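*Asks:* Give me a 3D structure for the following:
(one chain, ligands or ions: 1)
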Amino acid sequence: MIGIFDSGIGGLSVAKKIYEKLPQYQTIYFGDTARTPYGNRSQELIYRFTEQAVDFLFKQGCELIIIACNTASAEALRKIQQEFLPKNYPDKKVLGVIRPVAEAVAENKKSKRVGVVGTRGTINSGSYVREIKSFNPGIEIFQQSAPLLVPLIEEGFIKRRETKMILKSYLRPLKLQKIDTLVLGCTHYPFLHKQFKEVMGKSCKVLDTPEIVADKLTDYLSRHPEIESKLKKGNSHKFLVTDVTEKFKENAQNWLGREINLEVARLA
Ligand code: DGL
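*Replies:* Numbers count the residues shown, from 1 in each chain. Just a heads-up that it's a prediction; the model follows:
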């Protein structure tokens, strides 16, 4: 099984693309709704929560986990891969969302001045800068945290004037830098993709990050048959969360575009 982990339900943006592009695999989506959001938390706490989630998903039978949450990918993934996995699950894999997007940025030779927006945790970690530069040190990168966007999106303020105004104010410094590419480095921002495009204008390409992640995962599985062969096949998708409220249900169904059953899972 493929496990998809997020701090809450915003990661359904990534899950949706994975279901579209890789419909042949069983998946478990796990959202830590009881402790969301992670975006403004300390690195230490984000690591602890992510380690618990990864352990939980492996115990559910996952062979491969995608950390759909940018904040957790930025603040916890490296330590999970370098310390937690070798000690506890040497045969299993955990992948994040930052490296595949960084690789896609570097592959596009037209990307020379790249903007990255994300939560405070993601931006302060410098992970996108590090990863993009590891592929191409010549790319100039400009970052901007946009902490008000997650709550606005969760409140359903997608088409509101207030949201557009806040978006404009966050994006102004990046526009002044004349970026040619914008990375939406947060699970929620793709729900505002159209608004980001409108504010940035035609001279800037706003990347579809969930699509990139799903495409890179497809590519990864074709290059790693030893992992692919262990994944359970069959179009079954389970949704586990650490807390359920009406609002979580409503957002989850709106974002995924269909009815789903959110089951509550208790972490030990
Ligand atoms: N999932 C988080 C991310 O992609 C956004 C929500 C949160 O702050 O937990 O960074």
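
*Asks:* Next, count neighbours for K87.
*Replies:* By other C-beta atoms under 10 Å, the residues close to K87 number 8. Heads up, the C-betas are built off the backbone N, CA and C, glycines and all.

*Asks:* Please spell out which residues along the host helix or strand of it are buried.
*Replies:* Per DSSP states H and E: K87 is located in helix 85-88. For helix 85-88, a neighbour-count test (16 or more other C-beta atoms under 10 Å) marks L85 as buried.

*Asks:* gap between that helix and the chain center?
*Replies:* Distance, stretch centre to chain centre, for helix 85-88: 23 Å (C-alpha atoms, centre = their mean, to the nearest Å).

*Asks:* got the contact list for that helix?
*Replies:* Contact partners of helix 85-88, identified using C-beta atoms under 8 Å, 6 or more residues apart in numbering, comprise 55, 92-94.

*Asks:* Stretch 170-184 now?
*Replies:* By C-beta under 8 Å, 6+ apart, stretch 170-184 touches 101, 105, 108, 110-117, 128, 142, 144, 146, 148-149, 190, 193, 196, 199-201, 203-207, 209.

*Asks:* Which members of these are positioned in strands?
*Replies:* Mapping the contacts of stretch 170-184 onto strands (DSSP state E) picks out 113-117, 142, 144, 205-206.

*Asks:* out of those residues, which are buried?
*Replies:* 114-117, 142, 144, 205-206.

*Asks:* What segments of the stretch 151-268 of the chain are helices?
*Replies:* Ranges of helices in the stretch 151-268 of the chain, per DSSP state H, counting those that start in this stretch, are 161-176, 193-200, 209-223, 225-228, 246-256.

*Asks:* ok, R161 - contacts?
*Replies:* Contacts of R161 (C-beta under 8 Å, 6+ apart): none.

*Asks:* separation between it and R99?
*Replies:* Counting by C-beta to C-beta, to the nearest Å, the separation of R161 from R99 is 36 Å.

*Asks:* ok, back up a step: nearest to T36 among the ones in strands among the contacts of stretch 170-184?
*Replies:* V117 (18.8 Å; C-beta to C-beta).

*Asks:* rewinding a little: dump the buried ones among the ones in strands among the contacts of stretch 170-184 into a markdown table; add pLDDT and distance to T36 as well.
*Replies:* Listed next are those as a markdown table, based on pLDDT from 0 to 100; distance: C-beta to C-beta, whole Å:
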| residue | pLDDT | distance to T36 |
| --- | --- | --- |
| V114 | 98 | 28 |
| G115 | 98 | 25 |
| V116 | 98 | 22 |
| V117 | 98 | 19 |
| F142 | 98 | 28 |
| Q144 | 98 | 22 |
| K205 | 98 | 30 |
| V206 | 98 | 25 |
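
*Asks:* so can I have a markdown table of these showing distance to the ligand?
*Replies:* Below are those laid out as a markdown table (distance: C-beta to the nearest ligand atom, whole Å):
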| residue | distance to the ligand |
| --- | --- |
| V114 | 18 |
| G115 | 16 |
| V116 | 12 |
| V117 | 10 |
| F142 | 18 |
| Q144 | 14 |
| K205 | 20 |
| V206 | 16 |
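
*Asks:* Can you name the two of these that sit furthest apart?
*Replies:* For those, the maximum inter-member distance is 16.6 Å, found between Q144 and K205 (C-beta to C-beta).

*Asks:* Phi first, then psi, for P23.
*Replies:* When read as degrees, to the nearest 10, the backbone of P23 gives phi -70, psi -10.

*Asks:* related to what we said a few turns ago, top of the contacts of helix 85-88 by neighbour count?
*Replies:* The residue in the contacts of helix 85-88 with the most neighbours, by other C-beta under 10 Å, is V94 (23 neighbours).

*Asks:* No more questions from me, cheers.
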